[in-house]
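Engineer: no FASTA, just this:
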């Protein structure tokens, strides 16, 4: 059984964007996607149909190629969803989600789950992240 790792406001901002994008572009319901970006944070492709044997294999190939991406997988929605990104800078993600992050977005909630990771360095936007909602 999955366990939530959600512990920071910045995670919620990105999750809300991903959830909204999924519904706007793929229709009502819960739809997984991978958004592939270039090194400057410009969207190159958006996949709602997995182009590989699994989403995991697809994102592993992107990792091997040092390709930036955002992955949203509401695999057991509405109870559980996975959200991750790799190689995305703060300005690029702020532009994508249409919102700015503020300092408090990087402060862990007081009652966050013990399994939630700490930011390294603390209170800074992570270029690589994964969170279970």
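Structural biologist: Sure thing, it's come through. Keep in mind that what you see is a predicted model, and the values were worked out from it rather than measured.

Engineer: Can you show me the helices along the protein?
Structural biologist: Secondary structure of the chain (DSSP state H): helices at 9-26, 55-64, 90-97.

Engineer: Of all those, which one is nearest residue 77?
Structural biologist: With CB to CB as the measure, helix 9-26 is the member of the helices of the chain nearest residue 77 (8.7 Å). In short, each C-beta sits where N, CA and C put it, glycine included.

Engineer: And residue 81, what's its pLDDT?
Structural biologist: As predicted, residue 81 sits at a pLDDT of 92.

Engineer: And for it, nearest residue in space, chain neighbours not counted?
Structural biologist: Spatial nearest neighbour of residue 81, chain neighbours left out: residue 74 (4.0 Å); criterion: CB to CB, 6 or more residues apart in numbering.

Engineer: Which one of the helices of the chain lies nearest to residue 78?
Structural biologist: With CB to CB as the measure, helix 9-26 is the member of those nearest residue 78 (9.7 Å).

Engineer: To residue 80, which of the helices of the chain lies closest?
Structural biologist: Using CB to CB, the nearest of the helices of the chain to residue 80 is helix 9-26, at 11.8 Å.

Engineer: what's that closest one packed up against?
Structural biologist: If contacts are counted by 3 or more CB pairs under 8 Å, 6 or more residues apart in numbering; DSSP states H and E, helix 9-26 sits against strand 33-37, strand 69-76, strand 80-86, helix 90-97, strand 129-132.

Engineer: Let me know the angle separating the second one from strand 33-37.
Structural biologist: Right, the one you point to is strand 69-76. Calculated by axes from the mean of the first three to the mean of the last three CA atoms, to 10 degrees, strand 69-76 forms an angle of 170 degrees with strand 33-37.

Engineer: List the buried residues in strand 69-76.
Structural biologist: Buried residues in strand 69-76, counted by 16 or more other CB atoms under 10 Å: 69, 70, 71, 72, 73, 74.
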